[in-house]
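Q: Here's my sequence, what's the structure:
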Amino acid sequence: MSEKLPAAAGGEQRRRLEYAALAVIVVVFVVAFFWTGRWMLIRWNAENSYYTHGYLIPIVSAVLLYFKRHDLAVCRRRPCGWGALLLVPAILIHLLGTALQVGFLSGFAMLGVLAGLVLLLFGPQVFRLALFPIAFLAFMAPLPFELVDKASFNMKLLSAYAAEKAVSPLEIPLIREGSIIRLVGGTLEVGDVCSGLKYLISLTAFAALYAYISKVKWWGKLVLFGLSIPIAFIANAVRVSLMVIVGEFVSIKATQSWYFHDFFGFALFIFAFITLFMVESLLLRQFRWPFSPPRSAPADAEREEDVSDDESRKVEKGERVPPSRLFYFVVCAALSVTAALSVFLALPRGVAARSDALRCIPLALDKWQGADYQQTPRVYEILGTEDVVSRVYRMPGDEPVQLLVVMAQQARRRSHPPEHCLRGEGYTITDSRKRSVSPAGMPGGRALEIRELVISRRGRKRMTWYFFKSGDRLTTSYWAHQIGVALRKIRNANAADILVRIDTSVPGDDLNAGRQRLRRFLDAVWPSLMEHLP
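A: Numbering: from 1, shown residues only. Sure thing, here's the model as predicted:
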């Protein structure tokens, strides 16, 4: 008995070391991703958020792991160096996302860090069982605003178009302008909430969970998950169509009431759940005729069940090969450095007010006289900033020109291509091309690259020029501009993200006249833009 005491004492000491190291890893992990978690909470709680289900995702993952607790207990646990191949890149991406204040990069990197730690500390068997619960956490990490806005915008247009076609047999008099449907009794707008994107994100999360717990084969699980996308779109198109019918035969006001608006949304989920259940039933029967008698279970199934019972009785506890002290020290040290860098990079940086810079753009530009017009609260919400100049400039004997300057800074949504807003307002873009112009006062006689759009609505054409600005960098490429802004923010937290847009009407489809007018106005406003915009 005396010979066994030292071994038992050594085993107890190793367990205490393991528990202490795991506790340190958990604490350091929370510190490292504190800014990320705060960013997620802000996105989850935002008005009209697409991720209100975010609170449920970690709970579901924890429940899945709880149900697997017996399988995890009999797994062979030993360190696996391959986990570093997941852990190191994920840490670097997290630090990059924190430095650039890009939350979605850090959010998805968090999953890589979790997966890497599990594989590194516990080995492949535990990793395989924990892989889906960890991957399921991806549904709580919000996608970037730019991607969400673009997807929501396109889904709004598709839903409105599908609803128009669906109600056409009823001969309902309507006019569709982008995502706006005009009826005799009023106007219906397919807003962001009604675009179907929120249902799509929630339904894909549910379909992933449903497919995971389903007893269908792996290819059937892919079918169930893949069907969630068309099911969500079809269900939302049906919902918009029903709203059009209610707006025509009841009233436009009724479409905003809970017993139509909210009930149709609830019915959408019921329809999706029933559809997934029916598809699963067909897959489990392997597409047999519904009234065919079910096939008897093979005798091998009983034998496999007996074998699994025997194996479970033989294996009471999984083999454990605990990591060494040096191993734990290296992991804890690496995560501690990551946490320290994360806290430093996430520290609030001073942001100077830029509204004064926009107000410095004069109302009088040579022969052009400007007048401000106020945007609606919805426009400011879409733009994500109130640092906006919106004016109409007029010259005697000529058509007016509209000037729109949008500036976004740290912790704000960034400017986006004007095509999004124009399509949402019902415009059709008939032409889009790059042009080079040389405004008066351009240093060195250089050319300015602008994006020219020709748009039309109700038979009337307009022409739009726009470009992005950040410091001395001018471009028409949205993504190149966003990358440039992100890099500038590393050196200067006050780096601005600016969109400059001018547009005018084109009477008689005279595009050259529109170009000449915009060129004259750009010559007049260019010195002020370069002098006052950061």
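
Q: so residue 126 makes contact with residue 118?
A: Yes. Residue 126 is within contact range of residue 118, at 6.2 Å (criterion: CB atoms under 8 Å). From N, CA and C alone the C-beta is placed, and that goes for glycine too.

Q: So, low pLDDT: which residues of the stretch 401-534 of the chain?
A: Along the stretch 401-534 of the chain, the model assigns pLDDT under 70 to residues 409-416, 424, 441, 443-445, 490, 493-494.

Q: Pull up the gap between the residue most central in space within the chain and residue 330, please.
A: In the chain, the centroid-proximal residue (CA atoms, centre = their mean) is residue 143; its distance is 2.1 Å. Note on residue 143: its distance to residue 330, by CB to CB, to the nearest Å, is 34 Å.

Q: How about residue 280?
A: For residue 280, the distance to residue 330 equals 46 Å [CB to CB].

Q: Which one of those two is surrounded by more residues?
A: residue 280 (19 against 13; other CB atoms under 10 Å).

Q: Next one: that one, what pLDDT does it get?
A: Looking at residue 280, its pLDDT reads 88.

Q: which element is it on?
A: Element membership for residue 280, per DSSP states H and E: helix 263-284.

Q: Only the buried residues of that helix, if you could.
A: By 16 or more other CB atoms under 10 Å, the buried positions in helix 263-284 come out as 264, 265, 268, 271, 272, 275, 276, 279, 280, 283.

Q: I'd like the residues you listed laid out as TSV, including distance to residue 421.
A: TSV is the format used below for these (distance: CB to CB, whole Å):
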residue	distance to residue 421
264	27
265	26
268	27
271	32
272	31
275	35
276	36
279	38
280	42
283	43
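
Q: for those residues, which one is nearest residue 363?
A: residue 265 (46.1 Å; CB to CB).

Q: Which other helices and strands does the helix holding residue 280 contact?
A: helix 197-213, helix 218-249 (3 or more CB pairs under 8 Å, 6 or more residues apart in numbering; DSSP states H and E).

Q: Confirm residue 390 sits in a strand?
A: Yes. Residue 390: assigned to a strand according to DSSP: H, G, I helix; E, B strand; the rest coil.

Q: a strand runs through the residue nearest to the centre of the chain, doesn't it?
A: No. With three-state DSSP as the criterion, residue 143 is assigned coil and is not in a strand.

Q: I figured it was touching residue 103, is that so?
A: No. Between residue 143 and residue 103 there is no contact under CB under 8 Å: 10.0 Å.

Q: got any ranges where the stretch 1-150 of the chain has weak pLDDT?
A: Confidence mapping of the stretch 1-150 of the chain against pLDDT under 70 gives the ranges 1-11, 146.

Q: now the helices: where do they sit in it?
A: Per DSSP state H, counting those that start in this stretch, the stretch 1-150 of the chain carries helices over the ranges 4-32, 34-45, 56-67, 69-73, 83-99, 103-122, 124-136, 145-166.

Q: how about the shortest one as CSV, C-alpha atoms only?
A: If I follow you right, that is helix 69-73. Output in CSV follows, covering the C-alpha atoms of helix 69-73 (Å, rounded to 0.1, in the frame of the first residue of the first chain):
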residue,chain,number,x,y,z
ARG,A,69,-20.6,13.7,-22.3
HIS,A,70,-20.5,9.9,-22.1
ASP,A,71,-18.8,9.6,-25.5
LEU,A,72,-16.3,12.3,-24.5
ALA,A,73,-15.6,10.4,-21.3
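
Q: So which other helices or strands are in contact with it?
A: helix 124-136.
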